[in-house]
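Q: how would this look folded up:
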Amino acid sequence: MEKYRIAVFVGSLRKESYNLKTAKALIALAPQSLSLELVNISELPLFNEDLEATPPAEWTTLREQILAADGLLFLTPEYNRSVPAVLKNAIDVGSRPYGQNSWNGKPGAVVSVSIGNLGGFGANHHLRQSLVFVNAPTMAQPEAYIGGAAALFDDSGNLTNESTREFLRSFMAAFEKWVHTNAKKQPA
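A: Numbers count the residues shown, from 1 in each chain. Purely as a prediction, here's the structure:
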């Protein structure tokens, strides 16, 4: 069985983030062919083209992590009908320098998680716009908008809602097929 490395990006920096809790649930529910790894974007310096002459070490590390991945999984809250700045910054850093887009061709998926009823719908679609531009083909179905997140986890951060667990399991099964179909395996 082929193994695919999946880089997981969480757009919320909050210690008790529902997006992080959902990411951990997805890691636990992932099919065996997917190896998911959280990518820390919390310390990533803001993109500034002037720094490209001597890029910050965090930029280089992020670009290497993206290039090493076979697929991408994004989890985002919704801030003002858009994605958090930290997530947009990671996309900008990974897409540069010009002509060296690390995201290029990497199959991805988006999950938005919110305490509200809309489940981060606006952020989900706004993130997809950026992913189109950086040529990261994003899984269209099933869409994943997780609303009411505050009621889905126990005090230890474990997912307790069975219907959400089943949905996330089916989402990951679809994502496995998406990655298998669209990943460009690198030679060993």
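
Q: if you skip the residues just before and after it, what's nearest to Ala151?
A: Nearest non-adjacent residue to Ala151, counting by Cβ to Cβ, 6 or more residues apart in numbering: Asn161, 7.3 Å away. Using the backbone N, CA and C atoms, a C-beta is placed for each residue, glycine as well.

Q: what does the average pLDDT come to for stretch 165-178?
A: When pLDDT is averaged along stretch 165-178, the result is 98.

Q: stretch 24-31 too?
A: For stretch 24-31, the mean per-residue pLDDT is 98.

Q: need the contact list for Phe47.
A: 89, 92-93, 96 (Cβ atoms under 8 Å, 6 or more residues apart in numbering).

Q: which residue is nearest the centroid of the protein?
A: Residue closest to the mean C-alpha point of the chain, counted by Cα atoms, centre = their mean, is Phe74 at 1.5 Å.

Q: before we move on, what SS does that residue have?
A: Following DSSP: H, G, I helix; E, B strand; the rest coil, we place Phe74 in the strand state.

Q: so it makes contact with Asn124?
A: No - using Cβ atoms under 8 Å, Phe74 is not in contact with Asn124; the gap is 9.1 Å.

Q: intersection of neighbour lists for the two?
A: 110-111.

Q: so where do the helices sit in the chain?
A: Secondary structure of the chain (DSSP state H): helices at 18-29, 57-68, 85-94, 121-133, 162-182.

Q: quick one: list the elements packing against the second one.
A: The contact analysis (3 or more Cβ pairs under 8 Å, 6 or more residues apart in numbering; DSSP states H and E) places helix 57-68 against strand 4-10, strand 34-39, helix 85-94.

Q: sketch out the low-pLDDT regions of the chain for me.
A: Low-confidence segments of the chain (pLDDT under 70): 1, 185-188.

Q: which residue lies farthest from the center of it?
A: Ala53 (27.9 Å).

Q: could you report the distance from it to Val132?
A: Look at Ala53 and Val132: by Cβ to Cβ, to the nearest Å, they are 29 Å apart.

Q: could you do Ala174 as well?
A: Distance from Ala174 to Val132, by Cβ to Cβ: 19 Å.

Q: count the residues that sit near Leu13.
A: Neighbour count for Leu13, taken as other Cβ atoms under 10 Å: 16.
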